[in-house]
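Visitor: one predicted model, sequence on top.
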Amino acid sequence: MIISPGRRFVFVHVPKTGGTSLTLALEARAMKDDILIGDTPKAQRRRKRLKGLQARGRLWKHATLADIEGVLPQETLEAMQVVTLVRNPWDRMVSYYHWLRDQTFDHPATALAKTLNFADFLRHDHTQRSFSAEHFGHYVTGSDGAERPALFIRLEHLAQDLRPFEAHLGFSFDMPHYNSSRRPGGYRALYDSDTRDLLGRMCARDIARFGYRF
């Protein structure tokens, strides 16, 4: 996550959407007062700045708008441009699963990915609950339950969808690919008709909203 008072934007980092690549591109042009929250080198160097901040929730890489309430005056936050990346849910789930299998941190999802094949991981109650609840709009919703106006940048249409954000910033940038998971080349081969439809039901809100197809 990046909170930039100087450039008047908040970048909300939804997991496994290409957010690390956008974070690094933005951090390359970071201002001195930008609040960088995450595990990139520049964010690590500024980590001490987070200690004095008062926030409603946890200040971490994938914090939501509700989490960061209190970091700045609410009227200041509400006047800032919110931007986030989104991704085809069928593709995102495959990336998420293979990324988890390479991780060592203690989390239920990590344990499931390491012990279950993809289909069983997808069918597990924990996976279904988390993906159904944490839709893309969830990340840009305040503690009052209202979703804030935001620029949703589709990873599949990156150049096109970045233009309004670049216009807001006053500059353009290249976005190299970082933090990719080790996974097969295409996502479709990992699904059969049952798991394809299951994911379609789990992420129906995002699929309908952003026009995604299998």
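Guide: In hand now; what should we look at?
Visitor: now the strands for this structure?
Guide: Listed from the start of the chain, the chain has strands (DSSP state E) covering 2-4, 9-12, 35-36, 81-86, 150-154.
Visitor: show me the shaky parts of the protein.
Guide: The model of the chain has pLDDT under 70 over residues 176-185.
Visitor: JSON lines for the strands of the chain, including distance to Leu162 and mean neighbour count?
Guide: C-beta: built from backbone N, CA, C; applies to glycine. Shown next, in JSON lines, are the strands of the chain (distance: least, Cβ to Cβ, whole Å; neighbours: other Cβ atoms under 10 Å):
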{"stretch": "strand 2-4", "distance to Leu162": "15", "mean neighbour count": "22"}
{"stretch": "strand 9-12", "distance to Leu162": "12", "mean neighbour count": "22"}
{"stretch": "strand 35-36", "distance to Leu162": "20", "mean neighbour count": "22"}
{"stretch": "strand 81-86", "distance to Leu162": "9", "mean neighbour count": "22"}
{"stretch": "strand 150-154", "distance to Leu162": "6", "mean neighbour count": "19"}
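Visitor: and the gap between the residue of the chain most remote from its centre and Asp161?
Guide: Using Cα atoms, centre = their mean, the residue of the chain lying farthest from its centre is Ser193. It sits 27.1 Å away. According to Cβ to Cβ, to the nearest Å, Ser193 stands 31 Å off from Asp161.
Visitor: same deal with Pro73?
Guide: 29 Å.
Visitor: those two - which one has more neighbours?
Guide: A direct count of neighbours by other Cβ atoms under 10 Å for Pro73 and Asp161 places Asp161 higher, at 17 against 9.
Visitor: residues in contact with the more buried one?
Guide: Contacts for Asp161 were tallied using Cβ atoms under 8 Å, 6 or more residues apart in numbering; they are Leu151, Phe152, Ile153, Arg154.
Visitor: out of those residues, which comes closest to Val94?
Guide: Lowest distance from Val94 to those (Cβ to Cβ) belongs to Arg154, with 17.1 Å.
Visitor: what sits opposite that closest one in the beta ladder?
Guide: Val86 (DSSP bridges).
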